[in-house]
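> this one's structure only:
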């Protein structure tokens, strides 16, 4: 099987490639990577690679389409925030294991996402600045997904809120109640009917630039139940990365949902649940055997590649 992994310089793509190599010991599958940077680290882990335009530039999706046709791509695994919404246009020529475009757009709009789920799921209060809703401590973040934690500001006073609101950088922001408790990332894999196949919660022990650098795989029935219910409610498909955080009373609340592989998805592979292997098994019509994830702690470190 020829497998295209996009945004190959990002941690999500690296996790996908490493997950594929983790089980494909006989190299039955060929990895083709794309990115905007010719020094993308994923290029040097793949079998072949292509430099492509940015996802917001003209020609991006046509370039991807040409690669799919030229290389006979059997499966596309998109990993970039800004690009995934474009890939629905490719479902007529290859397999793309991901949510529909309308669901992706909803999740990428954090205000609309909040309005969609607020009456059915635990969420922090979320608002656009107005005098009657400002609180003393909150988180300001871009309304629309730009990747990682870029643009996030922890506002501790009213002056901080006003300062962020007055910034003239054309970024549309939302504000959320600050949650002080433990933060969780939950990796979920759904089938194409939005039925969760497997759910792997983990505690974010340490983050750097919005990406988990230390994590602990846990068992939490409440978190699993809520995440699987949310996936069905939103009609999510394929890999999903969910963020939750506890409030002052220890209740986990939904912060956001990314309808793609998460930057720390390889943690689940190390715990014995390989999402990429499961996806390929589904597409090849093989029986799926999924074990409970091992309760492990994972520490990340840099590794150098000479090119």
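Alright, I've got the coordinates. Only a predicted model underlies this, so the values are computations on that prediction, with no experimental measurement involved.
> ok now do the residue nearest in space to the middle of the chain, which residues does it touch?
When the chain is reduced to its mean C-alpha position, the nearest residue by Cα atoms, centre = their mean turns out to be residue 262, at 3.5 Å. With Cβ atoms under 8 Å, 6 or more residues apart in numbering as the criterion, the residues that contact residue 262 are 12, 15, 185, 187, 239, 241. All C-beta atoms are positioned from the backbone trio N, CA, C, and that covers glycine.
> among the helices and strands of this structure, which has the poorest mean pLDDT?
Using mean pLDDT, DSSP states H and E, the weakest-scoring helix or strand in the chain turns out to be helix 158-166, at a mean of 70.
> which secondary structure elements does the very next helix or strand once past that one contact?
Downstream of helix 158-166, the next assigned helix or strand under DSSP states H and E is strand 173-177. In terms of contacts (3 or more Cβ pairs under 8 Å, 6 or more residues apart in numbering; DSSP states H and E), strand 173-177 is packed against helix 110-117, strand 126-127, strand 138-142, helix 158-166.
> just the angle between strand 173-177 and helix 110-117, please?
Following axes from the mean of the first three to the mean of the last three Cα atoms, to 10 degrees, one obtains 50 degrees for the angle between strand 173-177 and helix 110-117.
> From the chain's centroid, how far away is strand 173-177?
Taking Cα atoms, centre = their mean, to the nearest Å, one finds the center of strand 173-177 at 20 Å from the center of the full chain.
> Of the helices and strands packed on strand 173-177, which stretch is the most buried?
Most buried of those, by mean neighbour count (mean count of other Cβ atoms under 10 Å): strand 138-142, with a mean of 21.
> what sits up against the following helix or strand past it?
Elements were assigned by DSSP H and E; along the chain past strand 138-142, the next helix or strand is strand 153-155. With Cβ under 8 Å, 6+ apart as the contact definition, strand 153-155 has outside contacts at 137-141, 160-161, 164, 175, 178.
> which ones among the contacts of residue 262 are found in helices?
When these are checked against helices (DSSP state H), the matches are 12, 15.
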